[in-house]
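Undergrad: pasting the structure only:
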């Protein structure tokens, strides 16, 4: 040890070389960590697979006016919440409450607290639906003042509730019906009290030769 210490003090060039070697080693380690992190993120994005075979379109029954799993009071509060949303998309004239009562609903406990959230879509052009079947899409959560809006998007056809969880809530994937061969697929994750859009993809069922595919080709949306 004394010999090493003496040697270091007696040879400043060797000491400087050792210091540079340590610094270079640290820089290499940091660069490697950053590279692995970027690679993992890229692979995670590339691995996205839409479970399109289990995508759901809401049935016409039950609707907000007759869903049996909710009490009369909860149905009334849900209809109020849906009516507020329909007013933002409807044409002048129709009764928003009547449209709200016909709105398709599905109960799904998205955060595992035992109280189901409400997935809802209206029906008809008056409530904002298009000719291809795309409609407004809402998710509501029961709170002390009725129903809180967690997600609101226009123009979607089907959805999937993903097994993955973000901040305590299941991730949601929505898909719109662009044409017979194309869907726009949006990934939503829970953050800050609502669902936020986190990724966008295009799904194609035909290749460049117009051949029907068994599984869609999924690519990132063009910005």
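TA: Sure thing, it's come through. Quick caveat, the model's predicted, so the values are computed rather than measured.
Undergrad: ok, the residue most central in space within the chain - contacts?
TA: For the chain, the residue nearest the mean C-alpha position is residue 188 (1.4 Å; CA atoms, centre = their mean). Contact analysis of residue 188 by CB atoms under 8 Å, 6 or more residues apart in numbering lists 151, 171, 172, 173, 174, 195, 196, 197, 198. (C-beta placed from N, C-alpha, C; glycine too.)
Undergrad: what's across from residue 220 in the sheet?
TA: Taking DSSP bridges as the rule, residue 220 bridges to residue 201.
Undergrad: re the thing from before, need the mean per-residue confidence for the one helix or strand the residue nearest to the centre of the chain maps to.
TA: Using DSSP states H and E, residue 188 maps to strand 182-191. Averaged across strand 182-191, pLDDT comes to 94.
Undergrad: in that strand, which residues are buried?
TA: By neighbour count on 16 or more other CB atoms under 10 Å, the buried set for strand 182-191 is 183, 184, 185, 186, 187, 188, 189, 190.
Undergrad: now swap in stretch 71-83 and tell me
TA: In stretch 71-83, the ones that count as buried by 16+ other CB under 10 Å are 75, 77, 78, 79, 81, 82, 83.
Undergrad: out of those, who's nearest residue 141?
TA: Nearest to residue 141 among the buried residues of stretch 71-83 is residue 81, at 10.0 Å by CB to CB.
Undergrad: need phi/psi at the closest one.
TA: Here is the backbone geometry of residue 81 (degrees, to the nearest 10): phi -60, psi -40.
Undergrad: where does the closest residue in space to it that isn't next to it in sequence land on pLDDT?
TA: Nearest in space to residue 81, with sequence neighbours left out and distances taken as CB to CB, 6 or more residues apart in numbering, is residue 147 at 4.0 Å. Note on residue 147: pLDDT of 97.
Undergrad: wouldn't residue 147 be in contact with residue 79 here?
TA: No. With contact defined as CB atoms under 8 Å, residue 147 does not reach residue 79; the gap is 9.5 Å.
Undergrad: would you map the strands across this structure?
TA: Secondary structure of the chain by DSSP state E: the strands cover 104-108, 117-121, 135-143, 146-156, 158-166, 169-177, 182-191, 194-206, 212-220.
Undergrad: including distance to residue 55, could the ones you listed go into TSV?
TA: As requested, those are exported to TSV (distance: least, CB to CB, whole Å):
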stretch	distance to residue 55
strand 104-108	13
strand 117-121	13
strand 135-143	13
strand 146-156	11
strand 158-166	4
strand 169-177	6
strand 182-191	9
strand 194-206	10
strand 212-220	11
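Undergrad: out of the ones you listed, flag the one nearest residue 90.
TA: strand 135-143 (9.9 Å).
Undergrad: and the closest one, what does it pack onto?
TA: Applying 3 or more CB pairs under 8 Å, 6 or more residues apart in numbering; DSSP states H and E, we find strand 135-143 packed against helix 72-87, strand 117-121, strand 146-156.
Undergrad: run the last query once more with 6 Å
TA: Secondary-structure packing of strand 135-143 (3 or more CB pairs under 6 Å, 6 or more residues apart in numbering; DSSP states H and E): strand 117-121, strand 146-156.
Undergrad: any idea which of these is most buried?
TA: strand 117-121 (a mean of 24; mean count of other CB atoms under 10 Å).
Undergrad: now the angle from that one to strand 146-156?
TA: 40 degrees (axes from the mean of the first three to the mean of the last three CA atoms, to 10 degrees).
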